[in-house]
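Student: Okay, predicted coordinates and the sequence, questions at the end:
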Amino acid sequence: MKTVYVDKIPAVVSQYFASESVDWDEILIALRSDLRADGSRGDCFVLLSAEAAFVAEGIIEFSSAGRNAIGESVRSEEFKVSRFERFALSSLGEPKAEQLISTGRVVAEFEGEDKLLFNFSSACKHGASVFCRAVGELKKDNKLDLSTYGEESYELHVCKKCGRRYPDEELKICPNCMDKARLVKRLASLFFRYKRSIAMVLIAFALIAGLGVITPYISSEKLYDEVLANPDSVAFDVLKIVLLIVGVRIAALCVNLLSGAISSTVAANVTYDLKKMIFNTISNLSLGFFTNRQTGGLMTQVNSDSLTLYWFFCDGFPYLVLNIVQLVVIMCVMLSQNLVLALYTFVTIPVFFLAFKFLFNAFDKLHAKSYSKRRSFNSLVSDVLNGMRVVKSFSREDEELNRFGKRNKDLAESRNEIQTFSARIFPFLYYLLRIGSYVVWGVGGWQVMNATGDMSYGRLMAFIGYFSLIYGPIEQLADVSNWWSETLNAIQRLFEIRDAQPEVRESQSPIIPEECKGEVEFRDVTFSYVENRKVIDGVSFNIPAGTTLGIVGQTGAGKSTLANLLTRLYDVKTGGVYIDGVNIKDLPFDFLRENIAIVSQETYLFRGSILENIRYACPNATREQVIAAAKTASAHDFIVKYPDGYDTEIGFGKKDLSGGEKQRISIARALLRDPKILILDEATAAMDTQTERNIQSALDRLTENRTTVIIAHRLSTLRDADKLIAIENGRVAESGTAQELLKQKGVYYKLYKLQAEALKTVGIGE
Amino acid sequence: MNENKNDNFLDLAEITYLTADNSRFYRTANGFPALEAVLPKITDDLVAEQDKTPVKQDLGRVFFHRCFPFETPDEYISVLNKDGREYAMIRDLNSLPAEAQEIIRVELDRKYLCPTVHKIKSLKEKLDYSFWEVETDRGDMTFSMHDTYRNIARVGGGMLIITDVDGNRYRIEDVAKLDRKSFKKIELYL
């Protein structure tokens, strides 16, 4: 038997268990937790065999045990045990992981009383849930199918390099070991498609750098030494120099424009490629990914990240390359012209570089602060504007104004801080910069007077020109590192989404049935959105093809979750959902989407016309079909009342439909799809009873050859169902026809009585 | 007038409070808190006519939940059964007998277990994840966070609740009272 290691078990702990006469060959599952029974931190190890569970906790202590034969220091480990317990499964009830605020504990009935098995922090919550599941299965079937636990092995969930657990199961990225070089390489592969344009940009840079260096040479050295200092010069010679300068400038300008145009096209193309790639991935991800993050935030993030990337490659990267080239060229020229003077000048460079770096770091902090102030300001404004109705109805305008004033002031102060800082520091810095040029003036001037170091007046002027050219690049280089790390973050976030593995994956070798009959079966399904909080717990039911099943239950009982599982928006944790006897995990997505349509309680209509919205799932439907679907859904009547009929634009900022109208349009949308299996999840909840009745009688005719699942808390909605199930706390409390359930006098009966009594009070009952 | 309206509202809601007179807390054989109290029987929601006369009953193991965990951790504690249905409330923990207080506090401390950070030794950001090394009342700890800005919540006054990638929480009692170096490290995320 092969033990499933949910966590790594250190050798000394294995030895300890062996010494407590635990037979490792019998152990099915081994895991580790990080809290002891008293809630203090420590090491807790839990083993499970078919007969018993073992818990040992204590602290693993390391001590140096001298050196081995070849001189390496040896660490010895000792497991100091503070508690060891053996729980025979026969006297243990089904364990439950009680989730506390940020930790949890596994508790089970032991010899008739609740007993703590072990504590765990959130870092180990998954192990705890595996343990509970395994014990539950063992107690039920007396055996454990270890093959279904294959994915739990810790080796699949920890970083291969550093052994830490991945922070996000879906991403499987270890941020600690994330290789920046690999990131850049991946990004480079995106740019590689545009290699020709990039080569042109680089050539242009070399030209710009070259032209930049020539300018001071012509305007100073050539002008002073060859023309002005020469008594034979005529005005034409001066003009020649001036024309030369103008020519060089114009050439530089042209090259600059050209390279700018090329590099921004490349950057735009690459960000376009990237966004396309990411949007593709996002649409393929399962719903869980979106509920974990704020979806709105996700898209803004993608947008702003690609913008960061765009600007860096448009603005940052080209100038970075250009600056480096320019700096190297200028330094070479200076060195070759006057070694001593150049060296004097270069001494000041590190000082400036550090000064700039310090400055930009300080600025970054200030900007970050101001950014977060702006964020909180913006969020307040949008919050209040969206909630204006509430603000006004409780007449809280004054309080909101105060809050607004405070945040506004904070924001202004943070802006002010930046301005004051720059006003104080920049004059000082530029003065420092002058000192560098004083050195050149002084040393160079002295060299010219003494005619040492082959120095002429013109050459000195050129030198000063070069010197001033150095500072631009240095300033930018000091700034670029921050920019660069921000860009890396953006790239990382983008690739993170790109790499995300959907939780719900299509089978590699799907079974493609010829047609869908529409029989649905849930077999012993359990499901939880969050670890250790079961929403569906062992639900089984069967819907014969072409019949209607009604699901009743209180809010939060898990009704909508059943719909989510049937449409495979989420995957079941254990058990299975079958359509025509085939597990839906083996069916292709296309088949599922084609044959199942859901009208959920949260209707969403896209921006566009009503026609487009109804036709969303089958764009090829004829207008007649659309009208027929709308009629069936009782939507036709209100649609034709709008001036623009079916062409009425709806959505944000356009025509606002009421809840009931939206629901009717989404029903029409689902009907047009003509699915074999139709799920109505509180689809008529926002409508008046009359309209609901109309839709139902229309649906009745439609549901003849269709499997329908109706989820509702209003019993009248369910009166045509062939069979009903009542869900309570994630379990099927009772099932049968309405008549049978009434006789059982259970949940359904009570609900029925309550709703009937509600009618009686207004005098409608018998 | 306004006061009257609110009083009316209080009556309607019918909050049952546990006091020294109507309740006795004890520990089960395995150390879990349990309660014997004089309370109306919990009945099915679905039954229209509900009997509200208090009866003395042994409720066995009970669970606690703070209504205002940050601001008044000792007041308004909900006492629940294992399915999360409320038996009654404790208005102020300090008004119960010492023995009951002890039993409840041990359980609350366990439930709300959350290390308090005294000092931030190191805070580094790498590719959108931040890596923390802190000193807490439960010893030195290291953890990592994703989306750092959003996972630091300011709750009333200067208290911060930090949630790491696993969902573990850490608390900073008062951010203004942190030492200067620690404060500088965390300042950007506030």
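Tutor: Cool, the structure landed.
Student: Show me where chain B has its strands.
Tutor: Using DSSP state E, the strands of chain B run over B:23-27, B:33-40, B:54-61, B:63-66, B:75-80, B:86-92, B:117-126, B:129-136, B:139-146, B:152-155, B:159-163, B:169-172.
Student: and among the ones you listed, the most buried is which?
Tutor: Of all the strands of chain B, strand B:169-172 carries the top mean neighbour count, a mean of 21, counting by mean count of other CB atoms under 10 Å in any protein chain shown. (Glycine included, C-beta is placed from N, CA and C.)
Student: Nearest to residue A:513, out of the strands of chain B?
Tutor: Residue A:513 lies closest to strand B:139-146 among these, at 41.5 Å (CB to CB).
Student: So which residues on chain B come close to chain A?
Tutor: Contact residues (CB under 8 Å from any CB of the partner chain) of chain B with chain A: B:28-32, B:44-48, B:61, B:69, B:83, B:109-114, B:126-129, B:131, B:138-139, B:144, B:146, B:149, B:163, B:165-169, B:187-190.
Student: can you redo the strands of chain B as JSON lines with distance to residue A:517 and mean pLDDT?
Tutor: Shown next, in JSON lines, are these (distance: least, CB to CB, whole Å; pLDDT from 0 to 100):
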{"stretch": "strand B:23-27", "distance to residue A:517": "58", "mean pLDDT": "93"}
{"stretch": "strand B:33-40", "distance to residue A:517": "52", "mean pLDDT": "91"}
{"stretch": "strand B:54-61", "distance to residue A:517": "49", "mean pLDDT": "90"}
{"stretch": "strand B:63-66", "distance to residue A:517": "47", "mean pLDDT": "94"}
{"stretch": "strand B:75-80", "distance to residue A:517": "46", "mean pLDDT": "94"}
{"stretch": "strand B:86-92", "distance to residue A:517": "47", "mean pLDDT": "92"}
{"stretch": "strand B:117-126", "distance to residue A:517": "54", "mean pLDDT": "89"}
{"stretch": "strand B:129-136", "distance to residue A:517": "49", "mean pLDDT": "90"}
{"stretch": "strand B:139-146", "distance to residue A:517": "46", "mean pLDDT": "87"}
{"stretch": "strand B:152-155", "distance to residue A:517": "51", "mean pLDDT": "87"}
{"stretch": "strand B:159-163", "distance to residue A:517": "48", "mean pLDDT": "92"}
{"stretch": "strand B:169-172", "distance to residue A:517": "50", "mean pLDDT": "92"}
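Student: how close does residue B:24 get to residue B:53?
Tutor: Going from residue B:24 to residue B:53 by CB to CB, to the nearest Å gives 19 Å.
Student: I meant residue B:34, not that one.
Tutor: Residue B:34 sits 23 Å away from residue B:53, going by CB to CB.
Student: Then residue A:658?
Tutor: 46 Å.
Student: What pLDDT is listed against residue A:323?
Tutor: Residue A:323 carries a pLDDT score of 82 in this model.
Student: my guess is it meets residue A:471, correct?
Tutor: No - judged on CB atoms under 8 Å, residue A:323 makes no contact with residue A:471 at a distance of 10.8 Å.
Student: Could you double-check that residue A:187 sits in contact with residue A:488?
Tutor: No - assessed by CB under 8 Å, residue A:187 is found out of contact with residue A:488, at 9.3 Å.
Student: Skipping adjacent residues, who's closest to residue A:708 in space?
Tutor: residue A:548 (4.3 Å; CB to CB, 6 or more residues apart in numbering or on different chains).
Student: so the one you found touches residue A:720, yeah?
Tutor: Yes - Residue A:548 is within contact range of residue A:720, at 6.3 Å (criterion: CB under 8 Å).
Student: The two - which one has more neighbours?
Tutor: More crowded of residue A:548 and residue A:720, by other CB atoms under 10 Å in any protein chain shown: residue A:548, with 22 against 15.
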